[in-house]
Every structure is written in structure tokens, then in C-alpha cells.
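*Asks:* sequence plus the predicted model coming up.
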Amino acid sequence: MGEVVSRGVSTLGRLLLLVLITFSLAGNVVAQEGGPEGSVTAGPEPPRLLKREAPQREPQTLERTVIPQGLVNSVIELPAEADAYIASEWPNQNFGLGALYLGYHLRGEDNFGAERVLLRFDVMGHIPPGAVINDARLRLHLSFSSPDDDVSMGTLLRRLGSPWNEKGTAGVTWASEPAWKEIWAEAEVGSAITWYEWDVTDLVEDWIAGTHPNHGMEIIGDERVQQRERAFYSRETTEQFYPRLVVDYTDYNDIEAPVVTVDPLPAFSGRNFAVSWSGTDPGGSGIASYDVQYRVDGGDWANWIVDATFNSAVFAAGQDGKFYEFRARGEDRAGNVETFGAPEASTTVDAEPPTTFVDPLPAITNSTSFPVSWTGRDDGSGVRYYDVQYRFNKGSWILWQNQTLAVINMFTAMNDGFYEFEARAVDEFGLQEDFRNEPEASIIVDAEPPFVVPRVWVPLVVCGY
């Protein structure tokens, strides 16, 4: 008779457990194989503390096909190498050798509380390096439901982040539950006694690529305080309903990393500009994701795009006059990662128009012709041309120099009076400085005698022109 581990339960509880164990060992089959869908007829609640050894099982190749280019596509079935469940109300008890319970047990004196399922499969030992995972499904067969006609129970499957043992003195318990990480799959588990599955394609890809170590997975169900649970066959069953991982993969024998580059950028860009990248994968498995880095004015590289499946993005909030460089790398579906190299594209941000002003003029001149000069600055693409306007005796502004490359010219006055000047520029990127209609330099033309003698008060007097 199998060994029973007790937590100090009541005499009635022990008797019930012994009856259940004896009934099971006497040949009771919890479920029998049924119709074409693998449906079964439910039996009683499986024993919780029965200890059994798992039969020896080997991975099975379900399908093997040679596809174009001589590549091989395989579908394999991996049996669990370890499984267990843990119970919150029995925090120090290991349940690694019986059925797999999920949900919440609240019935009788021996309340087990919240229950979670842990499983681990030897993925790396049976899928070749460089293989691409097309599909991966965890499959568990239900053996018991409470209530027996319950509605579907939602479940979450998480990656486990630390090691654990199925059994023994160091066997996993609620108190020693391994760290659980991201949610990788969700599934509904009904009360029909049949197979249920979780899509774990991305998780198996993660393990094959070596992104995270394979410590297995944990399934969490409805843990509200109530009597609502499910039991699945464990790997210790002698039936054909043991837990399995079915993986469809293509062996590309891909050991070469992708080759990815950032597409050329214009010499100058605005504050927000598009960056794109592209590449090929010599190994043939195909590019799975991209990483893109940038640096400013030759400084340190910083991550910009990480683990992206798209090929372009807008780089936002560039700073005027700064020089930006970009480089990219790729990771293929077989897990090969390209090494970052030298800068592959660059651009200078030109986000501000030029700044221009007319150089100071003498307060007064007795000549009708005099030089007017201006100065412009652009920290980005540089000045393309200048416009200069003037006005006479506070009248309307008149465009004098139109799209000129010169920075000085002779101005000829038609009459004596007060002349004011303003300049603007357009840069090579097309950014145009606005005329503000505010004078930047002024001069009095007094070419007809009698001549005004310049004094400190002259500008105030001539304002009457």
C-alpha cells in the first residue's frame, strides 16, 4: 500500500484517506479512454497524498517532413520531467507524486486552500540549437472537476524564475514556491473530462534562444475562497493521459547572425525625423527582432529601440545643431544575435531658423549712397540666402535685397530723411526667419545743404521727419 503523509488530521480524515487510497489501489480507474476526441468518463476525486513513481517515458516524434531547401520540420511530444502541485493550507507539504490540483479546496476538515500546478520539460535536450519554434502547446488531461458541472475556470500560465524539485526532502511546497515571472499564456478549463491546452510558443522560443533559463512553468486558477477545483493527470499515471508538451519546429541549422543596417538619413533633419532599418538573415531562419542605438555628438551609445518587430520609427525631440548617429542589430528566429558595429546613418538636427541682424550704421551721412551690411548665423544647415527690407521716415517696409547671398551692398537714398533696415535669412533646410518689422539699424541721410551738425540730441530732433 502506498505511503500516506499526514499533517495531524482528524481520525475521520485519516480513515477517509485510507479508504480512498485502498479504493484506488484496488484497481479503480479514475477515467477510461473514450471517444475520438479523447473524452472520458469522470471518476471520484483522486487521492492527494498517494506516492507513486512515474513510468519511464521517452519523447515521441509525431511527424517529420522534409520541406523546401532540404530543411526538416518536426513535431515532437515531450513528457514532463517534473510536475507537482502546491497547497496554501498545507504550506510545508510536498505534493509531487500524485494528481495535479488547481483552484481552491474548501471541503471538510482538511482544507487544502489555494492550489497551483508546476511543470517542467526538457526542451533544450530534445530540440536542436538553431531550430525555429513554429508552435508549442502544453497539454493536460482533466481527471476531476468540482463542481462536476462547473463553468469554465480561467487560468494563467507563468514562467518560473528559480529552480525547484519535484519530490524528496527538498520537494517544492507552498512555502518554497519558486519565483514566478511574466504571464505567457491563458486558457479556460471546463469541467468536461478531456484534454486542455495552453499556447506556450513564445515561452519555448524564449528558452531555446537562451533569453531565460528553463525552470518550467506554473499554472494559477481561480483562488477565491470557495470549493472550486480541477485535477489533472500527473506524470505518475499509468494511463496515456500524462502531461505533455507538443512542439512543432523547423531545424534550420542556423548558426549565423542576421546582418542589419540603418537606412541612410539626410544630412539635416527636423526636430522629429523618421529612422528606418532593414536586413537579411544568411542562416535562413528569418529575423525575429531588432535593436537600434543612437549617440549624440560622438558621445556614448544609448538604446533607443529594443526587441522590435517593426522596421521604422520617429526619433522625437532632437536638439537643434546636434549630430545624431544610429546603428542597428538583429536577432533571428534561431536565437543568433548580431553584434553592434560602427555608426550606419547620421544626421544633424536643424530645428531653428537662422538669426540675422543688420550691422550698426552711423547716425548721419551727407551722402546719398552708403554701405549696409548684415550678419547671419545658423547652427544647423547654414544660411542659404538673405532678404533685407527698409523703410523711410517710418513709412511702409520695402523689400530691398531679395534672396541674396551677399552680406553687404550699397544703398542709394532717394531723398533726405530717416532710413531703417531689417534683415532675415532662410537656411539650407528651408527654415525661414520671420521679418518682425522692427528696425535693426538706422541712419539719417542729409545730402542737401544746409547740413545738420550731429549732436547727441540729433536723433531726437530728426524724429520729426
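*Replies:* Yes, it's here. Numbers count the residues shown, from 1 in each chain.
*Asks:* doesn't R244 make contact with E77?
*Replies:* Yes - E77 is in contact with R244 according to C-beta atoms under 8 Å; the separation is 5.1 Å. Yep, even glycine has a C-beta here, placed from its N, CA and C like the rest.
*Asks:* which of these two has more neighbours?
*Replies:* Each of E77 and R244 had its neighbours counted (other C-beta atoms under 10 Å), and the higher figure belongs to R244 (25 against 17).
*Asks:* distance of that one from Q403?
*Replies:* From R244 across to Q403, the span is 77 Å (C-beta to C-beta, to the nearest Å).
*Asks:* now V314
*Replies:* Counting by C-beta to C-beta - V314 and Q403 are separated by 32 Å.
*Asks:* same thing with V296?
*Replies:* 33 Å.
*Asks:* which one's more surrounded, these two?
*Replies:* Set V296 next to Q403 and count neighbours by other C-beta under 10 Å: V296 wins out with 15 against 9.
*Asks:* what about the helices in the stretch 151-300 of the chain?
*Replies:* Assigned by DSSP state H, counting those that start in this stretch, the helices in the stretch 151-300 of the chain fall at 201-209.
*Asks:* so where's it shaky on pLDDT?
*Replies:* Along the stretch 151-300 of the chain, no part satisfies pLDDT under 70.
*Asks:* then the stretch 351-465 of the chain?
*Replies:* Low-confidence segments of the stretch 351-465 of the chain (pLDDT under 70): 451-465.
*Asks:* helices of that one, start to end?
*Replies:* Secondary structure of the stretch 351-465 of the chain by DSSP H, counting those that start in this stretch: the helices cover 458-461.
*Asks:* could I get the full set of strands for it?
*Replies:* Applying DSSP state E, counting those that start in this stretch to the stretch 351-465 of the chain gives strands spanning 355-358, 364-365, 369-377, 383-392, 398-404, 408-412, 417-427, 441-445.
*Asks:* A87 is nearest to which of those?
*Replies:* Nearest of the strands of the stretch 351-465 of the chain to A87, taken as C-beta to C-beta: strand 417-427 at 72.0 Å.
*Asks:* quick one, the closest one and strand 408-412 angle?
*Replies:* Between strand 417-427 and strand 408-412, the angle comes out at 150 degrees (axes from the mean of the first three to the mean of the last three C-alpha atoms, to 10 degrees).
*Asks:* in terms of secondary structure, what does strand 417-427 contact?
*Replies:* Contacts defined by 3 or more C-beta pairs under 8 Å, 6 or more residues apart in numbering; DSSP states H and E place strand 417-427 against strand 355-358, strand 369-377, strand 383-392, strand 398-404, strand 441-445.
*Asks:* mind putting these in CSV, distance to L102 included?
*Replies:* Formatted as CSV, these follow (distance: least, C-beta to C-beta, whole Å):
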stretch, distance to L102
strand 355-358, 70
strand 369-377, 71
strand 383-392, 71
strand 398-404, 78
strand 441-445, 85
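*Asks:* nearest to T65, out of those strands?
*Replies:* Closest of the helices and strands packed on strand 417-427 to T65 is strand 383-392, at 63.3 Å (criterion: C-beta to C-beta).
*Asks:* adjacent strands (with direction) for that closest one?
*Replies:* Partner strands and pairing direction for strand 383-392 (DSSP bridges) are strand 398-404 (antiparallel), strand 417-427 (antiparallel).
*Asks:* just name the most buried of those.
*Replies:* Most buried of the strands paired with strand 383-392 by mean neighbour count (mean count of other C-beta atoms under 10 Å) is strand 417-427; its value is a mean of 22.
*Asks:* so where is the stretch 1-150 of the chain shaky, pLDDT-wise?
*Replies:* Counting by pLDDT under 70, the low-confidence segments of the stretch 1-150 of the chain come to 1-43, 69-70.
*Asks:* helices of that one, residue ranges please.
*Replies:* 11-25.
*Asks:* now the strands for it?
*Replies:* Using DSSP E, counting those that start in this stretch, the strands of the stretch 1-150 of the chain run over 32-33, 40-41, 60-67, 71-79, 82-87, 100-105, 113-120, 131-146.
*Asks:* tabulate those strands (CSV), appending distance to E428.
*Replies:* Below are the strands of the stretch 1-150 of the chain laid out as CSV (distance: least, C-beta to C-beta, whole Å):
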stretch, distance to E428
strand 32-33, 78
strand 40-41, 77
strand 60-67, 54
strand 71-79, 52
strand 82-87, 67
strand 100-105, 67
strand 113-120, 62
strand 131-146, 48
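*Asks:* cheers, nothing more for now.
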